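Engineer: Sequence and predicted model, in that order:
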Amino acid sequence: AIMSSPSDSSNVQVAVRCRPFNDREKALGSTRVIKMIDKKTTVIHNPSSGGSGAKEHNFTYDRSYFWDTKSVEIYRELCEPLLEKAMEGYNATVFAYGQTGSGKTYSMTGTEEDPGVIPLMHQDMFKRIESAPPNIQFLVTVSYLEIYQEVIYDLLNPSGKDMKVRQHPQLGVYVEGLAELVVRNEDDIAQLQEQGNKVRKMAATEMNHSSSRSHAVFVIQIEQKDSEADTVQGLRAKINLVDLAGSERADSTGAEGKQLKEGAAINKSLSALGNVINALADPKKRTSHVPYRDSKLTRILQESLGGNCLTVMLAMVSPADVNHGETLSTLQYANRAKNIQNVSKKNEDENTRIIRELREEISRLRQSLAHSGGGGPSHEEIQRMEGMISDLQVAKRQTWDEKEKLSAMFEDERRKNLASKGMLDWVMDTLKKENKEVHERLQALGNEKDKLARQYKDKRKSVDDIKEDLQAKINEYSKYDKSEAQTPEAKQLVAQIHKVKEQLKKENEELKDLKQGIRDVQEKIRSQKEDAEAHATFLAGNRELREMIERDEREKVERENKMFLSEELDKMKLEIEQEKAELKLRVVQEGAEINSEQLAKAEMELIELRAQKSMMALQIQTLEQEKQRYKDALDDAYKRHKDAMEIQQLQHFQAFRSYREVFEEQKLVLEQRFRSLLEDAIHDAVFLSTTNNELQQETERLREEAAGLKDKLSMASAVM
């Protein structure tokens, strides 16, 4: 129930953020295709064009951020002004768009060292609330939903139900049944978001180790009123913080099976979002049909794109040439989005007046239907009545008291859903299944690595044999002198040497490919290990959450049992006293006829025995409940111990694999060192052999010269 003030037109603000090179891009030897000029211009050149004439595309946005920019700077320049307007009663939206692995979740959520937009906004919002005048009262509620394969799920109250999108004449588009929880401080909101993130659909792809498989929308509603004002009118604002799943190409992500299906659903909804942006960005199409209803995502973001909202779009891009196509598409997408014009209005809350007017209209409609004649009300009139009653119920739930009650109800339901076997165990079972799959993949990758290592060892031996053969042939050829070098035997030997050289070159290429294959498998093993560690951490976190909730539930049951037992005992005591009084009264009234104190005493003892029997039955029932509770606790403890053992076994297996990999790597280094030393020794031996031959030839020559000189001296002596 909102009344809007005069509107202001403003375009969607668009900023581009370029992340650093990731490990995959570094391994591929990628080059940079993105540059940014004067904080507003982004330039991308096509690496396939080649040379200095490479084609460039220039785009101008509200802001352009390179990879050295911290998230806090982005928040100060783009998002803090949105929060200021939200505190004045204007709706706001921040959403991140880009290919998978481009840094969307990092920009929205961040890390402890570099917090993202969402935690920074939480901190800033509560600082502003705390510094507000004492007469200004605030009510802050949060909701968290995800859209997974065109189905909406509540992340704060994860019941697994498919939620529907509705539209209210005053409230606009909303999700029916979505939990709205009241938050009092920054810690409350951070805890809820963290728990919601644990339930969100995530998976690893070749582009990103923790890829979002769903679109997530975190909604903050801020309501405020002046306690000293004469009217109950206040201000209301809604902030949508949207982390979109990344656009995907199956050939880049390596997706298959379930992930391929997820990627298709993601691309379909992003395509629908692109159609909405195209329709709103084109002045000719703006007044015609805008296809908001083609996707749940565009339906929920209807007010954010072309409606009553101030919107900021963060376009996330990769700097690498291998992602040029996706990066260019994102920049073009963002370039169209900046032409979208929104009409923002201050939302002044007049819920009481709206409820009164709806009630009066319903009353008038009922009277009209009552006097509609013998034909009865038409189908359209009944639908109109039902619609107005539904709108009234929704409007009544917007009062602060009702929101507090609904929040408590949702919190209770949420705890039950998390504690129930249907949700938390389902999450854990799913994760354990994925953990098992990761374990199996690790084993398969380990086997593949062992196979490649054996092939590498065999190929290395083959290369060494070829080198020895080549060296032998070179040594044999070195024995020929210049006169013998042109003989058929020498020429044939030269041809054999060239042939062996070509074979050695080919074998070395294959050896190089095997070595690269081993490195690729090692990288995949490292990635799978990170997934396994993340799953183990997630399982441990969910186990602690379940234990805490179950402990609270047990304490609650114990309190209820004690209260019930106390009430039953008081009730029995009262009944016993009443029966005693009635019995005494009968004895007094009928004393002349009965005249038997023993009978009265027997009846009183009977009453006491009945009471004792009832008390014993109640105590037995309580003991049975306690027995069942301890049995359940023991079963749960056994199951948790079993889960812990499975995780421990997986961790031991991972540690063993790590030690084995280190051993294999050190062994490979030693083998390479040994071969290098052996090759040096062979070269030295060949050099020494050649030098020895040369020295022997030189010695023989010198001997011949000495003999000749001796002969000459002998002849000279004979002549003399």
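Structural biologist: Perfect, I can see it now.
Engineer: ok, how many other residues are close to Gln195?
Structural biologist: Gln195 has 18 neighbours, counted by other CB atoms under 10 Å. No exception for glycine: its C-beta is placed from N, CA and C like everyone else's.
Engineer: What is the strand or helix carrying it packed up against?
Structural biologist: Per DSSP states H and E: Gln195 is located in helix 186-199. Counting by 3 or more CB pairs under 8 Å, 6 or more residues apart in numbering; DSSP states H and E, the packing neighbours recorded for helix 186-199 are helix 117-130, strand 136-148, strand 215-226, helix 488-589.
Engineer: what's the angle between that helix and strand 136-148?
Structural biologist: Calculated by axes from the mean of the first three to the mean of the last three CA atoms, to 10 degrees, helix 186-199 forms an angle of 10 degrees with strand 136-148.
Engineer: buried residues in helix 186-199?
Structural biologist: With burial defined by 16 or more other CB atoms under 10 Å, the residues of helix 186-199 counted as buried are Glu186, Asp188, Ile189, Leu192, Gln193, Gln195, Gly196, Asn197, Lys198, Val199.
Engineer: could you dump those to a markdown table with pLDDT and distance to Leu310?
Structural biologist: Shown next, in a markdown table, are these (pLDDT from 0 to 100; distance: CB to CB, whole Å):
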| residue | pLDDT | distance to Leu310 |
| --- | --- | --- |
| Glu186 | 88 | 23 |
| Asp188 | 86 | 25 |
| Ile189 | 88 | 21 |
| Leu192 | 85 | 24 |
| Gln193 | 85 | 22 |
| Gln195 | 80 | 29 |
| Gly196 | 83 | 24 |
| Asn197 | 81 | 26 |
| Lys198 | 77 | 31 |
| Val199 | 77 | 29 |
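Engineer: Can you show me the strands along the stretch 251-400 of the chain?
Structural biologist: All strands of the stretch 251-400 of the chain, identified by DSSP state E, counting those that start in this stretch, fall at 310-317, 341-344, 347-349.
Engineer: lowest-confidence stretch among those strands?
Structural biologist: Of all the strands of the stretch 251-400 of the chain, mean pLDDT reaches its minimum on strand 347-349 (a mean of 75).
Engineer: mind exporting the helix holding Gln195 as PDB, just the C-alpha atoms?
Structural biologist: The C-alpha coordinates for helix 186-199 follow below in PDB (Å, rounded to 0.1, in the frame of the first residue of the first chain):
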ATOM      1  CA  GLU A 186      24.200  -6.100  10.600                       C
ATOM      2  CA  ASP A 187      25.000  -9.500  12.200                       C
ATOM      3  CA  ASP A 188      21.400 -10.700  11.700                       C
ATOM      4  CA  ILE A 189      21.400  -9.800   8.000                       C
ATOM      5  CA  ALA A 190      24.900 -11.300   7.400                       C
ATOM      6  CA  GLN A 191      24.000 -14.600   9.100                       C
ATOM      7  CA  LEU A 192      20.800 -14.900   7.100                       C
ATOM      8  CA  GLN A 193      22.700 -14.300   3.800                       C
ATOM      9  CA  GLU A 194      25.400 -16.800   4.700                       C
ATOM     10  CA  GLN A 195      22.800 -19.500   5.500                       C
ATOM     11  CA  GLY A 196      21.000 -18.700   2.300                       C
ATOM     12  CA  ASN A 197      24.200 -19.000   0.300                       C
ATOM     13  CA  LYS A 198      24.800 -22.500   1.700                       C
ATOM     14  CA  VAL A 199      21.500 -23.700   0.100                       C
END
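Engineer: and the angle from it to helix 117-130?
Structural biologist: Using the same axes, to 10 degrees: helix 186-199 against helix 117-130 is 160 degrees.
Engineer: and helix 186-199 with strand 215-226, angle?
Structural biologist: Relative orientation of helix 186-199 versus strand 215-226 (the same axes, to 10 degrees): 160 degrees.
Engineer: circling back: ok, the buried residues of helix 186-199 vs Leu270, which is closest?
Structural biologist: Asn197 (21.0 Å; CB to CB).
Engineer: dump the residue contacts of that closest one.
Structural biologist: Asn197 is in contact with Thr109, Leu155, counting by CB atoms under 8 Å, 6 or more residues apart in numbering.
Engineer: where does the stretch 1-150 of the chain have low pLDDT?
Structural biologist: Scanning the stretch 1-150 of the chain for pLDDT under 70 picks out 1-7, 49-54.
Engineer: now the strands for it?
Structural biologist: Using DSSP E, counting those that start in this stretch, the strands of the stretch 1-150 of the chain run over 2-4, 8-11, 13-18, 34-37, 41-45, 56-60, 63-65, 92-98, 136-148.
Engineer: Counting by contacts, list what the last one packs against.
Structural biologist: What that stands for is strand 136-148. Packing contacts for strand 136-148, counted by 3+ CB pairs under 8 Å, 6+ apart, involve helix 117-130, strand 151-154, strand 181-182, helix 186-199, strand 215-226, helix 258-281, helix 296-300, helix 400-419.
Engineer: rerun at 7 Å
Structural biologist: strand 151-154, strand 181-182, helix 186-199, strand 215-226, helix 400-419 (3 or more CB pairs under 7 Å, 6 or more residues apart in numbering; DSSP states H and E).
Engineer: neighbouring contacts of it?
Structural biologist: 129, 152-156, 175, 178-183, 189, 192-193, 196, 200-201, 213-227, 269, 296-297, 400, 403, 407 (CB atoms under 7 Å, 6 or more residues apart in numbering).
Engineer: Restricting to C-alpha, output it in CSV.
Structural biologist: Taking C-alpha atoms only, strand 136-148 is exported to CSV below (Å, rounded to 0.1, in the frame of the first residue of the first chain):
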residue,chain,number,x,y,z
ILE,A,136,12.4,8.2,13.4
GLN,A,137,11.5,4.5,13.8
PHE,A,138,12.7,1.8,11.3
LEU,A,139,11.6,-1.7,10.4
VAL,A,140,14.0,-3.6,8.2
THR,A,141,13.0,-7.0,6.6
VAL,A,142,15.0,-9.2,4.3
SER,A,143,14.1,-11.9,1.8
TYR,A,144,16.4,-14.2,-0.3
LEU,A,145,15.3,-16.2,-3.3
GLU,A,146,16.9,-18.0,-6.2
ILE,A,147,15.6,-18.8,-9.7
TYR,A,148,16.8,-22.3,-10.7
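Engineer: Strand partners (parallel or antiparallel) of it?
Structural biologist: According to DSSP bridges, strand 136-148 forms sheet pairs with strand 151-154 (antiparallel), strand 181-182 (antiparallel), strand 215-226 (antiparallel).
Engineer: pLDDT score for Thr537?
Structural biologist: pLDDT, read off for Thr537, is 59.
Engineer: rewinding a little: could you flag which of the contacts of strand 136-148 are buried?
Structural biologist: Buried members of those, scored by 16+ other CB under 10 Å, are 129, 152-156, 175, 178-183, 189, 192-193, 196, 200-201, 213-225, 269, 296-297, 400, 403, 407.
Engineer: can you count the residues close to Glu77?
Structural biologist: 17.
Engineer: ugh, typo on my part, it should be Met121
Structural biologist: 25.
Engineer: show me what contacts it?
Structural biologist: Met121 touches Cys79, Leu83, counting by CB under 7 Å, 6+ apart.
Engineer: just to revisit the earlier point, out of the strands paired with strand 136-148, which is closest to Ala86?
Structural biologist: Across the strands paired with strand 136-148, Ala86 has its closest neighbour in strand 215-226 (6.1 Å, CB to CB).
Engineer: What lies in contact with that closest one?
Structural biologist: Residues contacting strand 215-226 (CB under 7 Å, 6+ apart): 86-87, 118, 135-147, 180, 193, 200, 232, 234-245, 269, 297, 300, 349.
Engineer: unless I'm mixing things up, Ala179 is touching Pro158, no?
Structural biologist: No. The criterion here is CB atoms under 7 Å, and Ala179 misses it with Pro158 at 9.5 Å.
Engineer: Which member of the buried residues of helix 186-199 is positioned nearest Ser344?
Structural biologist: Ser344 lies nearest to Ile189 out of those, by CB to CB, at 24.1 Å.
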